[in-house]
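Chemist: Sequence first, then the predicted structure:
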Amino acid sequence: MPEQSKPSITDPKLEPIEQLEAILSTSDNHKLESFVYEIPSGEMARTISLLDEEDQKSLLTRLPADAAAWIVEELSHQQAADIIEELHPDDAADIIDELPSDEQADIIGELDDDDAEAIIEKMEPEEAEDVRLLSKYDSDTAGGLMVTEFLTFLGDTTVGDMADNIRQNAEEYHEYDVQYLYVVNPQEELLGVVRMRDMVMCRPEVKVKDIMMSSPKFVHVNDHLDFLEDFFDAIFFNAVPVLDEQNKMVGVLKRADMEEALGDRSERQLLRLGGIIAGDEMRTMPTFPRAARRLAFLGPNIFLNLIAAGVLIYYQNTISQIVALVVFMPMISDMCGCSGNQAVAVSMRELALGLVRPTDIWRTVIKEAAVGIINGLILGILIGLLAWGVGSFDLGPLQGQPNIAPMLGLVVALAFFFNCIIAVIIGGTVPLVLKGLKMDPAMASGPILTTITDVCGFALIFGLATWLIIP
């Protein structure tokens, strides 16, 4: 495009992506830095995802490291990792150094081992040590969620000395989320917590041990997300100290980070229930890897559905004589599948809350069977009455005979009743079985449940029809 025909990069009518591309086509890095801070937070991820790979790399390398880090923080961990791994390790390390420690560990954790190690080696030694520390812990534990930026002081430190230390290191501390100051002994064991407001309102000569909250609440590095959720529900603090196996303070867990982790876990479960079993997927990823991830889920389903197809082939004579059965076949499969999915959801929730274990299968069978009997009976009667009415129409060789309508209603009602019971039992127990096998319960409950309800539904409706109706 000729220079004179380019739209103004400050034109408010342009989309953020159009303005950003226009600025990237210039050499004005100052304007580029100013503009990225003006992009609304909610637009940042979409804008970056619409850039091609070269423009993404150009954007992050032309900006100062702190501005590039600000962009990276606005992206999902997977999206950020995809861009970071395309940069030279030196450039990537400069950006990662500017991030909070928990963000560093999350993004590094999304990279291939070789890329991650290459970046860590180029990072500042202290930052690299923090990343290696956080990487030791599971991402759904306090150790994996904590930040390592926090302020500790010995108990004999005066309030005045503490305040002087904070002022003298203001540049280093300005990115810390300082609401609490932590009091430790020389062995780095936690003694108490001082609220910032208490320090500000206290006389300079007072020692911090005299104003600290003793016996503070804390969590351990290996405490799991489910425990942490209950823990924060019971307290009003925005952050708590994290202790290691030797009871030394190693980090701080913020309530906001715990809640974000809960949301991330729910998203992962939703993706796996939807068939995205290999982790996060975004359309900014390369097409072939995305297709391969989905095929890993879809491929096995071919063999599962062959079983259902086999049932239809076996009962093809019954189908040809009572065409009305085909009308109710998808209804039975779909409604029973929905009932089974309700049972899956309850089991997933109870597993997350620690209310059930894989050994509680028989208890789950009894509880779900009771619900299945009630719902199967009520809905089976309603669908059976509908089938009775349909049976009066001439829809096949046997339709129109005096006894076909009530018998068709009975077959449909019984098929739904029994299949509903089977569906809720399978839906309730499959997640427990998968959990016991050390597999993700959300990963395979869907296809297993769907196949079983289809096979049982088809076998019941056509089997009963063959037995009760076919001469």
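Modeler: That came through, no problem.
Chemist: isn't there a helix covering Val242?
Modeler: No - counting by DSSP: H, G, I helix; E, B strand; the rest coil, Val242 falls outside a helix, being strand.
Chemist: Could you list the domains of this structure?
Modeler: As assigned by automatic domain parsing, the chain contains the domains 3-135, 152-273, 287-468.
Chemist: Can you tell me which of those domains is nearest to Ala142?
Modeler: Among the domains of the chain, domain 152-273 comes nearest to Ala142, with 4.6 Å by Cβ to Cβ. The C-beta positions use only the backbone N, C-alpha and C, and glycine is treated the same way.
Chemist: Give me the number of neighbouring residues for the residue nearest to Ile469 when sequence neighbours are not counted.
Modeler: Taking Cβ to Cβ, 6 or more residues apart in numbering as the measure, Ile469 lies nearest to Met407, with 5.1 Å between them; neighbours along the chain are not counted. Close neighbours of Met407, defined as other Cβ atoms under 10 Å, add up to 19.
Chemist: How about the contacts made by Ala415?
Modeler: Phe328, Ile332, Gly457, Leu460, Ile461, Leu464 (Cβ atoms under 8 Å, 6 or more residues apart in numbering).
Chemist: change it to 7 Å
Modeler: Ile332, Gly457, Leu460, Ile461, Leu464 (Cβ atoms under 7 Å, 6 or more residues apart in numbering).
Chemist: Was I right to think the first one contacts Asn419?
Modeler: By that I understand Ile332. Yes - using Cβ atoms under 7 Å, Ile332 makes contact with Asn419 at a distance of 5.9 Å.
Chemist: So those two - more neighbours on which side?
Modeler: Asn419 (30 against 27).
Chemist: if I look at the more buried one, how far off is Ile425?
Modeler: Relative to Ile425, Asn419 is positioned 11 Å away (Cβ to Cβ, to the nearest Å).
Chemist: cool, Glu86 as well?
Modeler: Relative to Ile425, and taking Cβ to Cβ, Glu86 is found at 49 Å.
Chemist: Looking at the two, which is more packed in?
Modeler: Between Glu86 and Ile425, Ile425 has the larger neighbour count (other Cβ under 10 Å), namely 22 against 15.
Chemist: I'd like the distance from the more buried one to Asp233, if you could.
Modeler: 32 Å.
Chemist: residue boundaries of the strands in this protein?
Modeler: With DSSP state E as the criterion, the chain has strands at 152-154, 180-184, 190-195, 213-214, 219-220, 239-243, 249-254.
Chemist: strand partners of the fifth one, parallel vs antiparallel please.
Modeler: For strand 219-220, the pairing partners within the sheet under DSSP bridges are strand 239-243 (parallel).
Chemist: got the CA positions of the strand it pairs with in CSV?
Modeler: Output for strand 239-243, consisting of C-alpha atoms alone and laid out as CSV, is shown next (Å, rounded to 0.1, in the frame of the first residue of the first chain):
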residue,chain,number,x,y,z
ALA,A,239,-3.2,-14.2,51.1
VAL,A,240,-1.6,-16.7,53.4
PRO,A,241,2.0,-17.9,53.9
VAL,A,242,3.2,-21.2,52.4
LEU,A,243,5.5,-23.5,54.4
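Chemist: Quick check: buried residues in it?
Modeler: Ala239, Val240, Pro241, Val242, Leu243 (16 or more other Cβ atoms under 10 Å).
Chemist: now stretch 332-347
Modeler: For stretch 332-347, by 16+ other Cβ under 10 Å, it's 332-333, 335-337, 339-347.
Chemist: tell me the mean pLDDT for stretch 360-367?
Modeler: Here stretch 360-367 scores 91 as its mean pLDDT.
Chemist: oh, and call the first residue 35 from now on, that's how I've got it
Modeler: Right, with 35 as the first residue, what we last looked at is stretch 394-401.
Chemist: quick one: it to chain centroid distance?
Modeler: 28 Å (Cα atoms, centre = their mean, to the nearest Å).
Chemist: still on that earlier bit, hang on, the residue nearest to Ile503 packs against Leu502?
Modeler: Yes - if you go by Cβ under 7 Å, Met441 and Leu502 touch, sitting 5.6 Å apart.
Chemist: What is the neighbour count of the residue lying closest to Asp488 once chain neighbours are set aside?
Modeler: Setting aside the residues directly before and after it, Asp488 is nearest to Ala342 in space (Cβ to Cβ, 6+ apart), at 4.3 Å. As a burial measure, Ala342 scores 19 neighbours (other Cβ under 10 Å).
Chemist: Kindly report the same for Gly143.
Modeler: The local packing of Gly143 (other Cβ under 10 Å) involves 15 other residues.
Chemist: Counting neighbours, which bits of the helix ranked longest in the chain end up buried?
Modeler: For the chain, the longest helix by residue count, based on DSSP state H, is helix 438-470. Residues of helix 438-470 classed as buried: 438-439, 441-469 (neighbour count, 16+ other Cβ under 10 Å).
Chemist: just to revisit the earlier point, turn the strands of the chain into JSON lines, including mean pLDDT.
Modeler: What follows is the strands of the chain, written out as JSON lines (pLDDT from 0 to 100):
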{"stretch": "strand 186-188", "mean pLDDT": "89"}
{"stretch": "strand 214-218", "mean pLDDT": "88"}
{"stretch": "strand 224-229", "mean pLDDT": "88"}
{"stretch": "strand 247-248", "mean pLDDT": "86"}
{"stretch": "strand 253-254", "mean pLDDT": "93"}
{"stretch": "strand 273-277", "mean pLDDT": "91"}
{"stretch": "strand 283-288", "mean pLDDT": "90"}
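Chemist: Can you tell me which of the ones you listed is nearest to Gln113?
Modeler: So among the strands of the chain, strand 283-288 is nearest, using Cβ to Cβ, at 22.2 Å.
Chemist: Which residues does that closest one contact?
Modeler: Contacts for strand 283-288 (Cβ under 7 Å, 6+ apart): 176, 179-182, 184, 186, 211, 216, 218, 222, 224, 253, 255, 272-278.
Chemist: Buried only: go through those residues for me.
Modeler: 176, 179-182, 184, 216, 218, 224, 253, 255, 273-278.
Chemist: Run through the stretch 135-284 of the chain and note the low-pLDDT ranges.
Modeler: 209, 211-212 (pLDDT under 70).
Chemist: The stretch 285-434 of the chain now?
Modeler: 301-320, 323-324, 327-328, 330-334, 387, 425-434.
Chemist: Please name the residues that touch Gly466.
Modeler: To be clear, residue 466 is Leu; Gly isn't right here. Taking Cβ under 7 Å, 6+ apart as the test, what Leu466 contacts is Ser381, Val390, Pro392, Asp394, Ile395, Thr398.
Chemist: Likewise for Phe69?
Modeler: Phe69 touches Gln53, Leu54, Ile57, counting by Cβ under 7 Å, 6+ apart.
Chemist: what's the spacing between the first one and Leu133?
Modeler: This means Gln53. 26 Å.
Chemist: which one of the two has more residues nearby?
Modeler: When Gln53 and Leu133 are compared for neighbours, Leu133 comes out ahead with 24 against 21, by other Cβ under 10 Å.
Chemist: Neighbours of Met247, how many?
Modeler: For Met247, using other Cβ under 10 Å, the count is 13.
Chemist: count of residues packed around the closest residue to it other than its chain neighbours?
Modeler: Once flanking residues are discounted, Met247 sits nearest to Val227: 4.9 Å by Cβ to Cβ, 6+ apart. Each residue near Val227 was counted by other Cβ under 10 Å, and the total is 22.
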